[in-house]
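Q: give the three-dimensional model of this entry:
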Amino acid sequence: MKYSNLRPYVGIAVGIVLTITLFSLGAMWQCSRNPATPEKTETVTKTDTILQWRTKEVKVDKPVPVTQTITKTVHDTLPVTKIIRSHSTDTVYAQVDIPVTTSKYAGEKTLSDSVQVEYQAAVSGYKPSLDSLQFKVTYPERTINTSTATTSVKKNHWGIGPSVGCGYGLTSKKFDAWLGLSVTYSF
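A: Sure thing, here's the model as predicted:
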């Protein structure tokens with residue numbers, strides 16, 4: 001067998017050995033680096049504003065009237081029981097003027113969430129009195145959620161991709177163009 005017949009095989013073998021050697025050296029160098037040290041860190045902060053509706057019950061005990069006015073007087077006949085002797089009673093009807101009063105109540109109350117509530121009430125009758133006032137308040141409440149995440153992004157050093165080139169051929173001894181795949185490593 002002539003040396004000229006082996007020349008293509010020698011070029012291919014040298015290329016394969018050179019590729020394997022360079023690939024092994026790069027893999028060893030990559031493994032010897034500290035993998036805990038990140039190449040790049042990225043911090044992302046996300047803020048959400050959530051609007052929720054809250055309902056609270058408000059109770060005002062013994063509210064004090066702001067104004068009391070006699071709006072009208074009602075003329076009525078009422079029965080009056082009269083004791084005649086210790087054993088007997090008698091019922092007599094008497095004409096009476098009854099004043100009808102309107103009492104107005106107003107005020108404000110602050111809830112624990114710094115929500116201020118104003119109230120008004122009006123009661124009419126003979127000696128009216130408002131014992132308690134109870135109502136529900138629905139109001140919006142904003143909740144702000146903030147989350148921060150830091151992630152480490154490692155750079156991928158190895159890559160593979162299409163290549164186009166030109167050069168002097170080892171086997172053809174001519175200037176030639178080629179198309180193929182190449183393995184790359186970036187530092």
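
Q: CA only for contacts and neighbour counts going forward, please
A: Noted.

Q: and the helices in this protein?
A: 3-32 (DSSP state H).

Q: low-confidence ranges in this structure?
A: 1-4, 7-8, 26-40, 113, 153-155, 187 (pLDDT under 70).

Q: show me the domain layout of it.
A: Domains of the chain are assigned by automatic domain parsing as 3-39+154-185, 49-142.

Q: want to throw those into CSV with distance to residue 148?
A: Listed next are those as CSV, based on distance: least, CA to CA, whole Å:
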stretch, distance to residue 148
domain 3-39+154-185, 18
domain 49-142, 15
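
Q: export the ones you listed to TSV and tack on mean neighbour count?
A: Below are these laid out as TSV (neighbours: other CA atoms under 10 Å):
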stretch	mean neighbour count
domain 3-39+154-185	11
domain 49-142	12
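
Q: who is residue 49 paired with across the strands?
A: Residue 49 forms beta bridges with residue 144, as assigned by DSSP bridges.

Q: list the residues that contact it.
A: 142, 143, 144, 145 (CA atoms under 8 Å, 6 or more residues apart in numbering).

Q: so which of those residues comes closest to residue 61?
A: residue 142 (29.9 Å; CA to CA).

Q: now that closest one: closest residue in space, sequence neighbours ignored.
A: Excluding the flanking residues, the one nearest residue 142 by CA to CA, 6 or more residues apart in numbering is residue 51, at 4.6 Å.

Q: can you lay out the contacts of residue 49 as TSV showing distance to residue 42?
A: As requested, those are exported to TSV (distance: CA to CA, whole Å):
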residue	distance to residue 42
142	29
143	26
144	23
145	20
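
Q: give me the buried entries from those.
A: Neighbour-count burial (16 or more other CA atoms under 10 Å) is assigned to none of those.
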